[in-house]
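1. Predicted model and sequence below, questions to follow.
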Amino acid sequence: MGISNTSTVKKMETRRGISLHALGVICGLAAGVWLGAAEAPTKLVVAGFSPFAISLCMVAGVFTARWTFPTLLKGTAYVFSDLMAKKHLIVWAILAGALWAVANTLTVFAVRDVGLATAFPVWNTNSLIGLLWARMLFRELEGASARNILKVVLGAVLIASAAIMLGFSTIHGSSGASPRAVQGLIAAIGASLMWGTMYVPYRKAYISGMNPLSFVTAFTIGELGTMFALTLCLDGGRKSSVFQLAHSQSLLFWLFLGGFVWVIGDLFQQFATKYLGIGRGIPLSNTNQLWGLAWGALVFGELATADPRHKLLVLAGSVLMILGALAISTAVASSREHVSHNTALERECDRYGLDYLEVLAAQRGEEFGNRNERRRWWDVVIVAVATGVFLWLGVHAKIPPIYMNGRWLAALGGVLLLALAGAGFSLWRCTKFC
């Protein structure tokens, strides 16, 4: 069966005109561009609300966007057919959403206690956690040449190291250690462990043939439900500032926009994980820190007063991250790796009673090839309501009086659109978003 799986991949490469590895790399890099921009809108929110309130409202924007994109691209009939065909994965998707919510909350405390510059590099080591899980649970890199193993591992280490350098580049001077520095570092490490483990359900779903658009639909239920529970239990219940923030229409739009941008990045990350695996896909998407720094430095002027040493850290970190991404992107899986991948696929089929040939077809996006994906009337309603929410909030939004460089804002906005168009077209042409 390993030979069958390898020939299937080659057949798809020939028919579609682009390899699955190249498609995964494109999606991983596009994910980094969009995930790096996701935090930018939150900079426009005036302080005074609890971290739980900010996070919950962002997740509400995520929830709205996540139901919109799957509906637009495939329709609810496709999504629910896919979910019902693999019911056991619904629980895994909800678990992944819960892990994301817990990790995101831990990052809030980490930023509060030790600052973003220190916390971000720590939790961005989640790619190394994911690589470890991928090797242990899904036999990734088994059968790979020593050269490919070196490329993937070294690439992941370079990206993590670059993240640390870029993080420290944002520290200007020293104001003394935080009295809660230990708690902050523990929170950042916890976030790294949660996010690194979250990729296990990702891979488990995609090795069983589930479409990422279907997975995120169930994912968002666990995400939003967990954030509600955390806010009500740990943020004062009915006295939480989320209820005041919900009435601040001028600010709410920016949090929803952050969630919207994050969803696009996460969808690309999901496709990268499907086609490359955890070990290759996640480090590529973790180039988001490079783009996040670009937004902070170029648009919001965060490095305007940086000294030469910090600017050198930015340059060195950027080069390391590019080299790490280059190493991973050139580590094309060999036929022996495809055989080990197929072994993991067979194991999932045996464990959950899945049809092997149907799962292989799902890997190519052909499991529902004969089914009509016509949109239903309720699909139109879902998209209209979600769009209406964003439009209504946008009409009432106000830009707080903070510095922004308009030229760099336009330039980086253009990069977002180019990444969306390039990766989106590649996905449609090769897989029809399957």
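-> Now that the structure is in, tell me what you want to look at.
2. As PDB, could you dump the C-alpha coordinates of stretch 119-126?
-> Taking Å, rounded to 0.1, in the frame of the first residue of the first chain, the C-alpha atoms of stretch 119-126 are listed here in PDB:
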ATOM      1  CA  ALA A 119       7.000  36.000  25.800                       C
ATOM      2  CA  PHE A 120       6.500  35.800  22.000                       C
ATOM      3  CA  PRO A 121       9.800  33.900  21.300                       C
ATOM      4  CA  VAL A 122       9.200  31.500  24.200                       C
ATOM      5  CA  TRP A 123       5.700  30.400  23.000                       C
ATOM      6  CA  ASN A 124       6.800  30.400  19.400                       C
ATOM      7  CA  THR A 125       8.900  27.300  20.200                       C
ATOM      8  CA  ASN A 126       5.600  25.400  19.700                       C
END
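3. tally of neighbours for residue 315?
-> Residue 315 has 12 neighbours, counted by other C-beta atoms under 10 Å. Bear in mind the C-beta positions are built from the backbone N, C-alpha and C, glycine included.
4. and it, how far is that from residue 222?
-> 40 Å (C-beta to C-beta, to the nearest Å).
5. list the contacts for residue 122?
-> Residue 122 sits next to 110, 185, 188-189, 191-192 when contact means C-beta atoms under 8 Å, 6 or more residues apart in numbering.
6. If we use 10 Å, what do you get?
-> 107, 110, 114, 160, 163-164, 167, 184-192 (C-beta atoms under 10 Å, 6 or more residues apart in numbering).
7. pLDDT weak spots in the stretch 251-400 of the chain?
-> 363-374 (pLDDT under 70).
8. residue boundaries of the helices in it?
-> All helices of the stretch 251-400 of the chain, identified by DSSP state H, counting those that start in this stretch, fall at 278-285, 288-294, 308-329, 335-352, 356-363, 377-396.
9. Now distance to residue 79 too, for these, in a markdown table please.
-> Shown next, in a markdown table, are the helices of the stretch 251-400 of the chain (distance: least, C-beta to C-beta, whole Å):
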| stretch | distance to residue 79 |
| --- | --- |
| helix 278-285 | 22 |
| helix 288-294 | 26 |
| helix 308-329 | 30 |
| helix 335-352 | 20 |
| helix 356-363 | 14 |
| helix 377-396 | 10 |
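10. Tell me which of the ones you listed sits nearest to residue 260.
-> Among the helices of the stretch 251-400 of the chain, the nearest to residue 260 by C-beta to C-beta is helix 377-396 (7.1 Å).
11. distance between that closest one and the chain's centre?
-> Offset of helix 377-396 from its chain centre (C-alpha atoms, centre = their mean, to the nearest Å): 24 Å.
12. So what angle separates the directions of the next helix or strand after it and helix 356-363?
-> Scanning forward in sequence from helix 377-396 by DSSP states H and E, the next helix or strand is helix 406-431. Per axes from the mean of the first three to the mean of the last three C-alpha atoms, to 10 degrees, the angle that helix 406-431 makes with helix 356-363 is 150 degrees.
13. Nearest to the spatial middle of this protein, which residue is it?
-> residue 266 (3.1 Å; C-alpha atoms, centre = their mean).
14. Return the residues in contact with that one.
-> Residue 266 neighbours (C-beta under 10 Å, 6+ apart): 31, 34-35, 38, 62, 65-66, 100, 212, 216, 219-220, 285.
15. And for residue 214?
-> 70, 74, 78-86, 89-90, 93, 205, 434.
16. nearest to residue 281, of the residues you listed?
-> residue 205 (13.3 Å).
17. Among the contacts of residue 214, name the ones in helices.
-> The members of those that map onto helices under DSSP state H are 70, 78-85, 89-90, 93, 205.
18. which of these has the most neighbours?
-> Greatest neighbour count in the ones in helices among the contacts of residue 214, by other C-beta under 10 Å, goes to residue 205: 28 neighbours.
19. can you map out the helices along the stretch 101-250 of the chain?
-> Remark: helices assigned in the stretch 101-250 of the chain by DSSP H, counting those that start in this stretch are 116-123, 126-138, 146-168, 181-207, 212-234, 242-245, 249-276.
20. Next, the buried residues of the longest one.
-> Think helix 249-276. The neighbour-count check on helix 249-276 (16 or more other C-beta atoms under 10 Å) flags 251-276 as buried.
21. go on, the fourth one?
-> Buried residues in helix 181-207, defined by neighbour count with 16+ other C-beta under 10 Å: 184-207.
22. returning to what we had before: list just the nearest of the contacts of residue 122 to residue 390.
-> residue 107 (24.8 Å).
23. my guess is that closest one meets residue 189, correct?
-> No: counting by C-beta atoms under 10 Å, residue 189 is not a contact partner of residue 107; they are 11.0 Å apart.
24. joint contacts of these two?
-> 119, 122-123.
25. What is the nearest of these to residue 297?
-> Nearest to residue 297, judged by C-beta to C-beta, of the shared contacts of residue 107 and residue 189 is residue 119 at 17.9 Å.
26. Number of residues surrounding the closest one?
-> 26.
27. so who does it touch?
-> Neighbours of residue 119 in contact, by C-beta under 10 Å, 6+ apart: 106-113, 167, 184-185, 187-189, 191-192.
28. let's see 8 Å
-> 107, 110-111, 113, 167, 184-185, 187-188.
29. Leaving out sequence neighbours, find the closest residue to it.
-> The spatially closest residue to residue 119, leaving aside those adjacent along the chain, is residue 110, at 3.8 Å (C-beta to C-beta, 6 or more residues apart in numbering).
30. next one: residue 296
-> residue 302 (4.1 Å).
31. Repeat that for residue 378.
-> Distances taken as C-beta to C-beta, 6+ apart put residue 76 closest to residue 378, at 6.7 Å, once the chain neighbours are dropped.
32. Check what pLDDT the one you found gets.
-> Here the pLDDT value assigned to residue 76 is 84.
33. Counting neighbours, what do you get for it?
-> By other C-beta under 10 Å, the residues close to residue 76 number 16.
34. Who are the contact partners of residue 28?
-> 268-269, 272, 276, 280-285, 287, 329.
35. Phi and psi next, for it.
-> Residue 28 has phi and psi values of phi -60, psi -40 when expressed as degrees, to the nearest 10.
36. gap between residue 223 and residue 263?
-> From residue 223 to residue 263 the distance is 11 Å (C-beta to C-beta).
37. Please name the nearest non-neighbouring residue to residue 287.
-> The shortest distance from residue 287 to any non-neighbouring residue, by C-beta to C-beta, 6+ apart, is to residue 32 (3.6 Å).
38. wait, isn't the one you found in contact with residue 293?
-> No: contact criterion C-beta atoms under 8 Å: residue 32 and residue 293 do not qualify, at 11.6 Å.
39. Who has more neighbours out of those two?
-> The neighbour comparison of residue 32 against residue 293 (other C-beta under 10 Å) goes to residue 32, with 28 against 23.
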